[in-house]
Structures are given as structure tokens and as C-alpha cells.
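Student: Got a predicted model here, sequence first, then my questions.
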Amino acid sequence: MPLRVVKKIRKPTIDNALSVLVLTSSVTKEIADVMQFPPAQAAAGILLLVFETIQKIQSNREGCFRLAQRCLDMLVDIRDHMSGHWDSAPPSLLKALSRFEEMLESIHKFMKQEAEQKWGSRLIRKSTIETAMKQYHVALDDAARTFQMATLINIHLAVGDPSRQKNGEPSMSSPTPEVPSAERREPTLPPYPVEQQVTITDVEQLCTSPVARSETAHTFSSIDTTSSISMLSEQYALISSSETEDDFRITEHHGFNQYHQSQFRMKAKSRIKSGWWAGGIEGEIDGKRSLMLQYHGDRRVAMKRWMRDVKMLQNLYHPNLPQMVGYSNDETPTPFILLANVQTRLPQAMLLDAIKNSSLARCTHLLLRFYQDTLDAALYLQRQRNLSESKLQDYVEHADFRIDAEHTVVMGLPPPEVDNIQSWRNFGLAHSIRSIYIEILPNRGHAREPLESSDETITAEKQRKINHLAFLARALLPGSDNLEVVKTRLQNVLCAAQDDDEEAEASVLTLKQIRKAAFAAGAHQQAWFRNTTPPNKFEAGDLGYMPKGADDWADFVVCDNVLKEGLVKCQLSGKATGRQGSWANRTYNRQDLSSFELPGNINGWAVVVPPEMEYDIYIIHETQMTQVNQAWNYLLDAGHALAKQHGVDPQDLILITRVGVEQRFKVRDLRRIQYWPASSGMNAHHHMHGFPQHGFHRQVGHNPFGLQHPNAVSRVPIYNQDLSPKVFYLFTSSNKSFQSHFSERPTPAPLGENEKPQELDASTVKCFAYPTAVYGFADYVQLHAEDFSE
């Protein structure tokens, strides 16, 4: 049922109109009074335009009015205090009033722009509008402080220094003889205790993780992450002009040392160009190697970022988080921090190096350790910062990861803009970390078969190692929302072969031990996938191999079926799915089909065909093993003996775990609808009241793209035509010997040996129905040569 947009229109009442009239007249009177004073005329005129614009605003009108009323109150206060003294107004006050005029112009421009926006645009930018309103209120507070500061300065200049008056020296307001400029003492401003605090308010944004992943397509996302980050960066740069250098000073050092840039002995500059680690400089401080991260750019923005990182790192003590050893002092022009993490590199670089020079077990163990260390660091960061689950995922997904000289993964700090992001996900922290390390794999961790690369620069052995590593990463890296389950699985896999000896922790598990631990933990349920196989050639449980040099699975040699022989005890499950598709209005529409089961493992599908319609029908039958890890376990245990029995290498053995067949059919109705001529006077109105209609007269003639005649809506079919839909039944089965066919009856006809089913007579049923293609596919397990090495 289509949704209807219901608009609620608030009718103006006499009370509302009267309140608006009284409010407008009161505001106009006060502004008119202010405009009598020449220095405030410009500000009052702009404010009058602001009030006029507010009357056109549909949403946030109350907030806009409060903002404008505050501006008016400030002007009225200035008028009351300066009444009769405008001629002697000090220059500092006039300058502050000029800045106030600029702020009013900005407010008027903002409100005028919002008043011209459509409601849909305002709804999308609701959080941005609210943030701007808050920033204008903060700017008004700053303007009030500016007027107060100007008043205090004028009072001080008029009264003079109290200490000098106590000593009998004349005040600056009394006439004094001129003294040389060298002996004249500059006036000093008494301390003015004003708390200055900048509040960066949260901006509600719906965003996604910048990490692209294939398994998280269901993440709630409506705003591009890059654009939202850039917008938040601009908002983060809007810092109050009243902030001073004192606001960016660290008062509590917690034992960390402060250094000047001259104390740092530079050795080499980092090649990192982006991210939190960008622009790092390697060197020495106090005889120890360290990495300097400088904060360039606008002084205030850089100082704010520097202070945020320093305060965060002062309370973080974890081996997988940046280790700060000190930071810049107040005399340093460019703020910086010093880290103990020197000579870092990307995890991708270390992983590629391990693929080239280490075993597959070593690469897998490395990924598992990276995952475990990142999870531990993330949970520690959550406790220290009191972060929610969603905010912790924001931190992890936006962080930059590096590997230090001790081969330890270090999670850099996220950009400060992340603090203002609000996101929603339907997956947990473990899935976020899993996606990060799958993405750093070659080809982003996508591997359907052990050998499928067309890149001639990569050897077959290296391609097998890369694909097996990607497969193991997807099988072993947990993504459960239950963190206790995740920790238990990691503990079982990483510590499966360790005993009480502490030195055992330094040893790396073999690939066989890693797989065995995964089987025990209930993981490793994935299988390789082959999308094109000879249809109806294989069965689930077939064991065999591909001959040397063969690429076509038609050459696959089946040696045995482990399920029929009872070598593997595993249940089979089967299912049948169907859908039909057709062209209509230049779009291809798909619809699921429901089947009814018949004896003999036969599935029936009802096909309803209106006049002049053409359908493509897709039927898929598949059978699979319910516990795929049992197939892996069997091949791992019996691989040597089976390979010796069949004269092949153990890594060449293939055990099929799922088989499927996709059958495609075409159904086309041959009837043509006859219409009354346009000159006959028969129209749709007469037809609607006098005759039954089936709703199929709108399409004129067969068209594979479903295009309609421009006058089809007004045309009326001739009476006594057969416009009823044709109903047929399609019978299919996963059995190799069954022949799929169409029938007009809801039950298939019994067939004798070597007998073919009767086809539909197109001249009788006025419809073509025939098969067009059949395809096969299969899932299988196949181990790596390292699985069988001692």
C-alpha cells in the first residue's frame, strides 16, 4: 500500500495574529529608539531586517527570535548606558560596535538563506542549523565580553594606576607636565578574571565507516563519510576569537617532560603523508630515539588538536597505543609531541613481507595476533575514555594503524572530528576490527578458489598462499557481537599448542594446529566456490582431483563418495528456490516463486501468464553438507593416505561439500488483445460500467521491454476475448534422472523408462514454454601443501 504524505497546516488564530502584531510593534519601537543615536544606527537597521526575516522562517522560529532578542537587548543596554554621551564615546567602544554590526550582518545572511530553503533541505540540515545557532549565541557572549573589556580599559585610562596615586603621584586624568618618553611608564591592565571556555557541541550525523567492506553492506548509511568529516573539520575550526595562548597551556604534566624544538636532534623525516602519523620526524631526545609529530596549520586549530592529543595520551598506558615520552613547552612556535614508537610501517607492508618470506602459518598467526592486540587496545581505550560501543567503533574505524620495530601493532589516535560524529551500526566491535584486517589483505581478502588470478607476475604458489590466507582470515577472525565468545575463540586458536612453559609462547603454531583449533571452536565453516561446473555431474561428498594441466571441471576425476561410504558422518540439507522476471516500463522486475513438494523429491511451481506477457523463470536446486568443518577435518587427517592410494599429492585432493543446478526457462503468451477502434465511441468509462475487465488491456502487442502505447489507457478491448491468465505448472527436481517439464495439470505424469514428458502444445494453449539453459556450481574443500608438512 503506498504511503500518503499528510501535511498538517496550522491555521492562524486571532490570538496568534494579535501576539505577532504586539511583538512586532514592541520590537519596532525599541529599534526606532536605538536608531536615534548615530553610532548604533547601522546595527539597529540590520537588526530590524533580522526581525523581518524571522517572520518568513517556518522552522526554528522561536530559536531565531531568542537570538535576535538577545542582540536587541544588548543594543538597548548600550543605548541606556551611553545616552547623552555618544559624542564622547571612546574609540574602543566604537570599534567593538563595528564588530557587532558585522556579526549582525552574518546572522541576517544566515536567517535569510534558511528562510529561502525548502522544508526538505532544512530537515536534512537540521543539525547543522542547530549548531550554527549555538555558535551565534557563543559569538554574542564574546561580543558582550568585548564591550566589558572596552569599558574596563576606558575606566583604567581615566582613573590611572592606583599604586601611583597612593605614592602621591598625580592621576592620568589630572593635568601633568610633560615628561620624556623614555621615563613615561606604560599603563598596565589589572587582572580581569573571566572564565573562557569553548564548547564544541555534538553534531548529529548518520555516517558509515570509511573502510569499504563487502560484508557490511547493511550498515545504516545515508551521508558519505568523507564529506561529513570535511564538514566537521570546518566546524571544528570555528574557535572563539576570545581564546588566548593561556587557554592552550598544559598545567598538569603527570610526570611528562616538556621540551623545546632545539633540544630534539633530527635524524630523518618520515615518509608517511597522511593520517595521524603523517610528517613524523625521527631523532633523539635525551640520548633516546623518539618520533616527533608536529601540528602545523592555523595556530589556534593546531594548538587545540595538540592539547587534545596530549591530554589523551597522558592517560593511556598500553603497548598497542602510542607511547608518549614528552611534548613541546610554551616557548615552542610549532607544538609537537614525542613518541617512543620509531620506524613504524603499515601492517600491509609487514603482511606482504611475511607472505613473501614466511610460512602460511606464520602469516595467519600474525593476523590473529594483530586482531587480538587491536581488540585489547580498543577495550582498554573504552575503559579509559568511558566510550560507548558506537563511539569506540568510530575511534577504531578512523584510526591509523602502524607496526613498530618490535613488530607490535600500534593504533594511532583518531582525528578530533570523530568526537562530533554520531553513528549507528547493526554490527559490533569485533566485526569492525575483522573488516579492518581483511581489507589490508591482497585483493581485499576476496578469494573464491585457491588459484584464480590472471596476474602473470604472481606465481601459482604465491597465489595459492595469498588465497589460502584470505580464506583463513575470513574463517578464523571472529565477528560476533558477543565479545566473550570472541575472546574465547582467539584464546583457543592462539594457545592451542602451548603448555605451561613460558618459552612456548614464542613458538608459532603449525597450520594444521591452527585449523584443528578452529574446528574445536566451531569455526572454519567456509568452503571454496566454483561457479561453473557440468550440471548434474557431482554429488555432495564426492572425493576426487583435477588431472595435471586440466582447467575444465568436466575433466574432474571422481574417486569415491565419502558420505555413501560412511567415511564422514554428516547430514545433508537441500533446498529449492525460484523466481521469475519480466520487462515492464523499461525495468526488469523480479518476483519470488513458491514451490509445493511432491513425492519423489519433486518440486512444483505454479506459473501464471497474463495475455501478451513474457517471463524468464530461474529454478535453483542445491544440496550441501551441514557441517563443512568435518570435511576439512577428514581431508586433513586422511589426506596422506588418500593421496598415496590415488597417486596424487595430498594438496590436490578435492572434497565437494555442496552441489547446485540452476535451470532457466522461457514462457511467452501468444495471445494478442483486440481493441475497439477509436472512432467507435467506446471508451474506458463504458467498459468499466458495462463489462468485466482483467487489467491487461493496457499493453498493446508484445514488447520485450514492456513499453506501452501512448493511447493504451483510453483503449477498450473487444468483448468475448479470452483475457484470463494462463496457469501452468513447472516440475523440477534435484535428481539427475528427472526431466523438468511444463504441464497443465498440478501433478506430473508418470513416465516409463526412457520416456520423455509431453510438451505443451503451443497451438492449443496459446503459449510457448521451454527450457533455455542449465548451469552447475559447487562448493569444495582443498588444503594447502603446508597443511601436510611436518
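Tutor: Here it is on my side, so go on. Just so it is clear, the model here is predicted, and its values are computed rather than measured.

Student: counting contacts, what elements does the longest strand seen in the chain pack onto?
Tutor: With DSSP state E setting the assignment, residue counts place strand 653-669 as the longest strand in the chain. Based on contacts counted as 3 or more CB pairs under 8 Å, 6 or more residues apart in numbering; DSSP states H and E, the elements that strand 653-669 packs against are strand 542-545, strand 602-609, strand 614-625, helix 628-646, strand 726-733, strand 767-781. C-beta: built from backbone N, CA, C; applies to glycine.

Student: Would you pull up how far that strand lies from the middle of the chain?
Tutor: In terms of CA atoms, centre = their mean, to the nearest Å, the centre of strand 653-669 is set 35 Å apart from its chain centre.

Student: That one to strand 726-733, inter-axis angle?
Tutor: Interaxial angle, strand 653-669 versus strand 726-733 (axes from the mean of the first three to the mean of the last three CA atoms, to 10 degrees): 170 degrees.

Student: tell me the average confidence for strand 653-669?
Tutor: The average of the pLDDT scores along strand 653-669 is 94.

Student: CA-only coordinates of stretch 745-761, as CSV, when you get a sec.
Tutor: Backbone C-alpha positions of stretch 745-761 (Å, rounded to 0.1, in the frame of the first residue of the first chain) are rendered in CSV as follows:
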residue,chain,number,x,y,z
ARG,A,745,-2.1,-30.4,-14.5
PRO,A,746,-0.8,-29.8,-11.0
THR,A,747,0.7,-33.3,-10.9
PRO,A,748,3.5,-34.7,-13.1
ALA,A,749,2.5,-37.6,-15.4
PRO,A,750,4.2,-40.9,-14.6
LEU,A,751,6.9,-41.8,-17.1
GLY,A,752,8.3,-45.1,-18.2
GLU,A,753,11.9,-45.9,-18.8
ASN,A,754,13.5,-43.8,-21.5
GLU,A,755,10.1,-42.0,-21.9
LYS,A,756,10.1,-38.2,-22.3
PRO,A,757,7.5,-35.9,-20.8
GLN,A,758,4.9,-34.5,-23.2
GLU,A,759,5.5,-30.8,-24.1
LEU,A,760,2.8,-28.2,-24.2
ASP,A,761,1.0,-27.7,-27.5
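
Student: what is the mean pLDDT for that stretch?
Tutor: Model confidence over stretch 745-761, given as mean pLDDT, is 83.

Student: Can you tell me what sits against it?
Tutor: Taking contacts as CB atoms under 8 Å, 6 or more residues apart in numbering, the residues outside stretch 745-761 that touch it are 598, 602, 604, 606, 728-729, 731, 739, 741-744, 767, 769-770.

Student: Go again with 6 Å.
Tutor: Taking CB atoms under 6 Å, 6 or more residues apart in numbering as the criterion, the residues outside stretch 745-761 that touch it are 729, 731, 739, 741-742, 769.

Student: between the helices and strands packed on strand 653-669, which gets nearest to Leu360?
Tutor: Using CB to CB as the criterion, the shortest distance between Leu360 and those is 14.0 Å, found for helix 628-646.

Student: Could you tell me which other helices and strands that closest one packs against?
Tutor: Using 3 or more CB pairs under 6 Å, 6 or more residues apart in numbering; DSSP states H and E as the contact criterion, the secondary-structure elements in contact with helix 628-646 are strand 653-669, strand 767-781.

Student: Could you save those strands as a markdown table and add columns showing mean neighbour count and distance to Leu593?
Tutor: Conversion of the helices and strands packed on helix 628-646 to a markdown table gives the following (neighbours: other CB atoms under 10 Å; distance: least, CB to CB, whole Å):
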| stretch | mean neighbour count | distance to Leu593 |
| --- | --- | --- |
| strand 653-669 | 22 | 11 |
| strand 767-781 | 18 | 14 |
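
Student: Serialize these to CSV and add fields for distance to Ala42.
Tutor: Formatted as CSV, the entries for these read as follows, by distance: least, CB to CB, whole Å:
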stretch, distance to Ala42
strand 653-669, 77
strand 767-781, 77
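
Student: To Asn320, which of these lies closest?
Tutor: Evaluated with CB to CB, the helices and strands packed on helix 628-646 place strand 767-781 nearest to Asn320, the distance being 34.6 Å.

Student: Mind checking the pLDDT average for that closest one?
Tutor: Strand 767-781 carries an average pLDDT of 93.

Student: Need the contact partners of that strand.
Tutor: Strand 767-781 has contacts (CB under 6 Å, 6+ apart) with 527-531, 533-535, 538, 631-632, 635, 654-669, 726, 742, 760, 762.

Student: Now with 7 Å, please.
Tutor: In this structure, residues lying in contact with strand 767-781 by CB atoms under 7 Å, 6 or more residues apart in numbering are 527-538, 609, 624, 631-632, 635, 654-670, 726, 728, 740, 742, 760, 762.
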